[in-house]
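Q: Just a sequence and a predicted model for now, questions to come.
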Amino acid sequence: MKNKIYELLNKNQLFIKFIYGLIILNVIILIFESYKNIKVSYSVYFYYFELISVIIFTIEYLLRLWTSDLNNNLKGNSIKKRIKFGFSTFGIIDLIAILPFYLPFFIPFDLRIVRILRLFRLFRIFKLGRYSKSLNTITSVLKSTKSELAITGFVAFILLVLSSTIMFYFENTAQPEKFASIGHSFWWAVATLTTVGYGDVYPITAMGKIMSGIIALIGIGFVALPTGIISSAFIERIQKEKKKEKNCKCPNCGTVINK
């Protein structure tokens, strides 16, 4: 019985497509609820759809927790495997997807907090990662390049601090309301280094403009770094996947044969 449920949850394509579709419908409903006229007209239908969805996701979560001891990728006895699943990425996502619905019944919240909790319903879209090969590929690429991305992130932080500090000392006297502190200058540094440049905060002094131009040019080169790291790793991953698909094993001896 447990084996059949485990196979249903993880390998049955019909069930996977059903959950896939339900998640997408939940996201669409969440978008529709942001329109006041639609929400007022169909609030009852939205509520019952949410209720049915939560019941299905809750049953799915409990069954996954129950059958997680059959997962060979998890080590330990039955209890340890269930604990590991509960604290795994998908286990936490599954829990967050249903928790906002139940919390107000047990803990009294301010209405503003309840609205924030509803936002966590959007986490259901991350459940697609369990079934989507594309999302799994992106996740594995980010994991394989985490050290390189961490380095670029650290360099970015240093550049932001240096840029905001430099602009504070050049522009504070001329624009005390916009460059009131190094912290206030951070917004300008972020907008400039990412080459967004909203234009709501900009330098007016001669030295400020010169430094702004230099920082903007540095930003153009810097933004390309993480993009290049991720794209090269992504291409390498796709090439490996294609190579695996081209290779097949001999049914008699198990030798890998290139097609």
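A: Great, that's in hand.
Q: these two touch, right, Ile98 and Ile59?
A: No. The pair Ile98 and Ile59 fails to qualify as a contact (Cβ atoms under 8 Å) at a distance of 9.9 Å. To be clear about C-beta, it is placed using only N, CA and C from the backbone, and glycine gets the same treatment.
Q: Of the two, give the one with the bigger neighbour count.
A: Ile98 (23 against 11; other Cβ atoms under 10 Å).
Q: mind giving me the domain ranges of the chain?
A: For the chain, automatic domain parsing gives the domain ranges 2-131, 146-258.
Q: What does the pLDDT read for Tyr61?
A: The per-residue pLDDT reported for Tyr61 equals 90.
Q: Count the neighbours of Thr192 for me.
A: Count around Thr192 with other Cβ under 10 Å applied: 25.
Q: Can you list the helices and strands that the helix or strand harbouring it packs against?
A: Using DSSP states H and E, Thr192 falls within helix 182-193. Judged by 3 or more Cβ pairs under 8 Å, 6 or more residues apart in numbering; DSSP states H and E, helix 182-193 is in contact with helix 146-171, helix 206-246.
Q: got any ranges where the stretch 101-250 of the chain has weak pLDDT?
A: 108-135, 197-199, 244-250 (pLDDT under 70).
Q: and with 90 instead?
A: 101-160, 163, 167, 169, 172-204, 207-209, 211-250 (pLDDT under 90).
Q: on that earlier part again, adding distance to Ser140, write the domains of the chain out as JSON lines.
A: Formatted as JSON lines, the domains of the chain follow (distance: least, Cβ to Cβ, whole Å):
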{"stretch": "domain 2-131", "distance to Ser140": "11"}
{"stretch": "domain 146-258", "distance to Ser140": "7"}
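Q: For Thr137, find the nearest of the ones you listed.
A: domain 146-258 (5.9 Å; Cβ to Cβ).
Q: Report the distance from the closest one to the chain centre.
A: 18 Å (Cα atoms, centre = their mean, to the nearest Å).
Q: what's the answer for stretch 74-88, then?
A: Worked out by Cα atoms, centre = their mean, stretch 74-88 lies 23 Å from the chain centre.
Q: what about that stretch, start to end distance?
A: In stretch 74-88, first residue to last residue: 10 Å (Cα to Cα, to the nearest Å).
Q: Identify the residues contacting that stretch?
A: Under the criterion Cβ atoms under 8 Å, 6 or more residues apart in numbering, residues 64-66, 68-69, 71, 91-92, 95 lie in contact with stretch 74-88.
Q: Which among those count as buried?
A: Among the contacts of stretch 74-88, those scoring as buried are 64-66, 68-69, 71, 91, 95 (criterion: 16 or more other Cβ atoms under 10 Å).
Q: So for those residues, which is the shakiest by pLDDT?
A: Asn71 (81).
Q: So the closest residue to it other than its chain neighbours, which state does it fall into?
A: Nearest residue to Asn71, sequence neighbours excluded (Cβ to Cβ, 6 or more residues apart in numbering): Lys81, at 6.4 Å. Using DSSP: H, G, I helix; E, B strand; the rest coil, the structure places Lys81 in helix.
Q: Number of residues surrounding Lys81?
A: Quick note: Lys81 (other Cβ under 10 Å) scores 20 neighbours.
Q: Okay, it and Ile5: tell me how far apart.
A: 15 Å (Cβ to Cβ, to the nearest Å).
Q: Contacts only, for Thr194.
A: With Cβ under 8 Å, 6+ apart, Thr194 has these contacts: 219, 223.
Q: In terms of pLDDT, where does Asn252 sit?
A: 58.
Q: How much space separates the residue nearest to Met167 when sequence neighbours are not counted from Gly213?
A: Of all residues not flanking Met167 in the chain, Ser185 sits nearest, at 5.0 Å (Cβ to Cβ, 6+ apart). In this structure, Ser185 and Gly213 are 16 Å apart, going by Cβ to Cβ.
Q: neighbour count winner among these two?
A: Ser185 (25 against 12).
Q: got the contact list for stretch 144-159?
A: Contacts for stretch 144-159 (Cβ under 8 Å, 6+ apart): 142, 189, 193, 215, 218-219, 222, 225-226, 229-230, 233, 237.
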